[in-house]
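Asks: coords please:
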Amino acid sequence: MQQRDAIRNIAIIAHVDHGKTTLVDAMLWQSGLFRANESVPERIMDSIDLEREKGITIMAKNTAITYRSVHINIVDTPGHADFGSEVERTLTLVDGVLLLVDAAEGPLPQTRFVLKKALEAGLLPIVVINKIDRGDARPAEVLDEVYDLFIDLDATEDQLEFPVLYTNARAGTATPDLAEPGRSLVPLFETILSTVPPPRFDPAMGLQLRVAMLDWDDYVGRLVIGRIVNGRVRQAERVAVAHRDGSVEHAKVTVLYGYEGLKRIEVEEASAGDLVAIAGIDAVEIGETVAEADAPQALPLIRVDEPTVSMLFSANVSPFAGREGRFVTSPQLRERLLKEKRVNVGVRVEETDSPDTFRVSGRGELQLAILIEMMRREGFELEVGKPTIITREANGRTLEPMEHLVIDIPEEYIGAVTQKVGPRRGAMVKMVNHGTGRVRLEYRMPARGLIGYRTEFLTDTRGTGLLNHLFDGWDEWQGEIGHRANGALVADRTGRTTAYAIDHLQARGGMFVGPGVEIYEGQVVGENSRDSDMDVNITKEKKLTNMRASTADEAAKLTPPRSMSLEQCLEWIREDELLEVTPKSLRLRKRQLRGRRRF
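Replies: Residues are numbered from 1 along each chain as shown. Here you go, the predicted structure:
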């Protein structure tokens, strides 16, 4: 085996909001990639609008810097377990990982998830304890927790000999010793060069490139992104594609790109260890191999964890269909979902008995909610049903997915949280009090129990609680779990809402719509204070007479309507309800719009 000393490939893995993307920003600046007067946005790697809004990384992306004549490819991975398929793919591109941990929060479930994948792949880690400037930072204790986590995950002796750096990503400093304040990220760059091994390859082998990502360019078409494991590839060269089923197809490399900073640059040739993007190959899926045209040899396929949550997606057939979106037909919906399936291995799309309804499965509610939000921004109109968990049958028993739930809350909310988690079949496995006024509770509970709980949790803890969960295997069916306790207020006719009607209905429950909004029969306009559904007339107008009463000019005092996000709507709906999603609106509705058919 030979190695290329001028290249290092490294992935940054961490829990959500521990400062991954901010650290990459600082690394890009200090590598001299940008001019001093260049205007660069914060969190430059979060290139998708949704990533900037939510503050999380959704899609894995790679960049490259040069330090002391060594080309360092950096892959920024998502920190949320729902996007685990992104992590699994990107770890095939690299030889080492930078594990980032918050100096106050310590290792959290998603840290465990991504680290487990990295250790299984045999990658060498560098531990970076970030946010050491926090007032509640406890770096020494966090380092002990990291060691415990490594031992718990059966790390090898080599993996346990990891170097440790303490950073303040926002200030762009790193130091190997807390007693000495950091001045720049030079210690981090030096540690990457000394710890991460250079790419190794077999000089006797021909071209082998495993497809890790797919992208699209309006000028050159589909782009195949991956790491060259063995051999070399040139522009205008003929290559073979080894498919999953063993078949082989030939194609021609029309354009070959390498990475420099945040840009793709056209290169004539690339060899083993390089991360490249190839244009000209249309028929290829993630995990397949691009190989030598004469004697193609396939690499092992990428294995991805099974989906645990599914939802029904269907074309919008409500009375307001086609008013706000550009793509409203079921063939357009089908084409978009199949495109997502090709690009995202974590999503599964299946046909159903109905030609305009598709079952979409993913790793969690958040992954499916992100897909829905992206589609609505592209101009799609669709209707989605309640998220349901995927069960298995084994030895005549029904198995369901379980979750490892970690809750971090102020001490005063312990009672409120345990009271809600108990009926959802959560079993407490650990309770830790750090003595800082906050408590960490760990539960094992069915994935079903989490559907609809996040909003309640934020309300119960006044927005101060942190809730994280991680897939924890399969277990026997845990019994029934109650869902929403309240019924729905359902409009009994089409029209425009009035302040007069809402004023009289407020006593019945909370409203989802304000006055002057167009609604249709069967649309859910509020939440009933009782457990049953109720048909209401929310379009009723005040009858005017030529007699003036003493109360005629009294103003209606309306409570502002309850505004719910996409995720909250998905948590709220029951089996007999749908969420209508359009580019401008989110409407809750009954499956059967007419009242007589519902009762």
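Asks: what is the neighbour count of A279?
Replies: Using other C-beta atoms under 10 Å, A279 is surrounded by 21 other residues. In this view, the C-beta of every residue, glycine as well, is placed from N, C-alpha and C.
Asks: over to D154?
Replies: When neighbours are counted by other C-beta under 10 Å, D154 registers 10.
Asks: cool, the one 4 residues further on as well?
Replies: Applying other C-beta under 10 Å, we find 10 residues neighbouring D158.
Asks: pLDDT wise, what is it at?
Replies: pLDDT for D158: 84.
Asks: offset the numbering so it begins at 25, please.
Replies: Sure, I'll start numbering at 25, so the last one becomes D182.
Asks: is it fair to say it lies in a helix?
Replies: Yes - counting by DSSP: H, G, I helix; E, B strand; the rest coil, D182 is part of a helix.
Asks: look up how far A580 lies from the residue nearest to it when sequence neighbours are not counted.
Replies: Leaving aside its chain neighbours, D182 sits nearest to L148 (6.8 Å; criterion: C-beta to C-beta, 6 or more residues apart in numbering). Applying C-beta to C-beta, to the nearest Å, the value for L148 to A580 is 67 Å.
Asks: what does L390 give?
Replies: L390 sits 39 Å away from A580, going by C-beta to C-beta.
Asks: tell me the contacts of the residue nearest to I475 when sequence neighbours are not counted?
Replies: In space, and not counting its chain neighbours, I475 is closest to P411: 5.6 Å by C-beta to C-beta, 6+ apart. In this structure, P411 makes contact with 333-335, 389, 392, 475, 594, judged by C-beta atoms under 8 Å, 6 or more residues apart in numbering.
Asks: which one of these is nearest D555?
Replies: I475 (18.5 Å; C-beta to C-beta).
Asks: residues contacting that closest one?
Replies: I475 neighbours (C-beta under 8 Å, 6+ apart): 389, 410-411, 413, 507, 595.
Asks: what comes up buried for the strand ranked longest in the chain?
Replies: Counting residues, the longest strand in the chain under DSSP state E turns out to be strand 421-434. Judged by neighbour count (16 or more other C-beta atoms under 10 Å), strand 421-434 contains these buried residues: 424-433.
Asks: same question, stretch 241-255
Replies: So, applying 16+ other C-beta under 10 Å, buried residues of stretch 241-255: 246-255.
Asks: in strands only, show me those.
Replies: Those of the buried residues of stretch 241-255 mapping onto strands are 246-254, per DSSP E.
Asks: tell me which strands and helices the helix or strand harbouring L139 is in contact with?
Replies: Using DSSP states H and E, L139 maps to helix 133-144. Here helix 133-144 touches strand 31-38, helix 108-114, strand 120-126, strand 148-154, helix 163-176, strand 490-500, going by 3 or more C-beta pairs under 8 Å, 6 or more residues apart in numbering; DSSP states H and E.
Asks: same question for stretch 462-482, mean pLDDT?
Replies: Per-residue scores along stretch 462-482 average to 84.
Asks: compute the first-to-last residue distance for it.
Replies: Length of stretch 462-482, first residue to last, C-alpha to C-alpha, to the nearest Å: 15 Å.
Asks: how far does that stretch sit from the chain's center?
Replies: Remark: stretch 462-482 is offset 18 Å from the chain centroid, using C-alpha atoms, centre = their mean, to the nearest Å.
Asks: quick one: the strands in the stretch 275-424 of the chain, in order.
Replies: 279-284, 287-290, 293-295, 299-303, 313-316, 333-339, 372-375, 381-386, 406-408, 412-413, 416-418, 421-434 (DSSP state E, counting those that start in this stretch).
Asks: pull up the pairing partners for the fifth one, direction included.
Replies: Sheet neighbours of strand 313-316, with direction, are listed as strand 232-241 (antiparallel), strand 262-266 (antiparallel) (DSSP bridges).
Asks: for those, which has the smallest mean pLDDT value?
Replies: strand 232-241 (a mean of 81).
Asks: only C-alpha atoms, please: export that strand in PDB.
Replies: C-alpha atoms of strand 232-241 as PDB (Å, rounded to 0.1, in the frame of the first residue of the first chain):
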ATOM      1  CA  GLN A 232     -12.500   2.800  -7.700                       C
ATOM      2  CA  LEU A 233     -14.800   5.600  -6.500                       C
ATOM      3  CA  ARG A 234     -17.700   5.000  -4.100                       C
ATOM      4  CA  VAL A 235     -20.600   7.500  -4.700                       C
ATOM      5  CA  ALA A 236     -21.300   9.300  -1.400                       C
ATOM      6  CA  MET A 237     -23.400  12.200  -2.600                       C
ATOM      7  CA  LEU A 238     -25.300  13.400  -5.700                       C
ATOM      8  CA  ASP A 239     -25.800  17.000  -6.700                       C
ATOM      9  CA  TRP A 240     -27.100  18.900  -9.700                       C
ATOM     10  CA  ASP A 241     -25.600  21.700 -11.800                       C
END
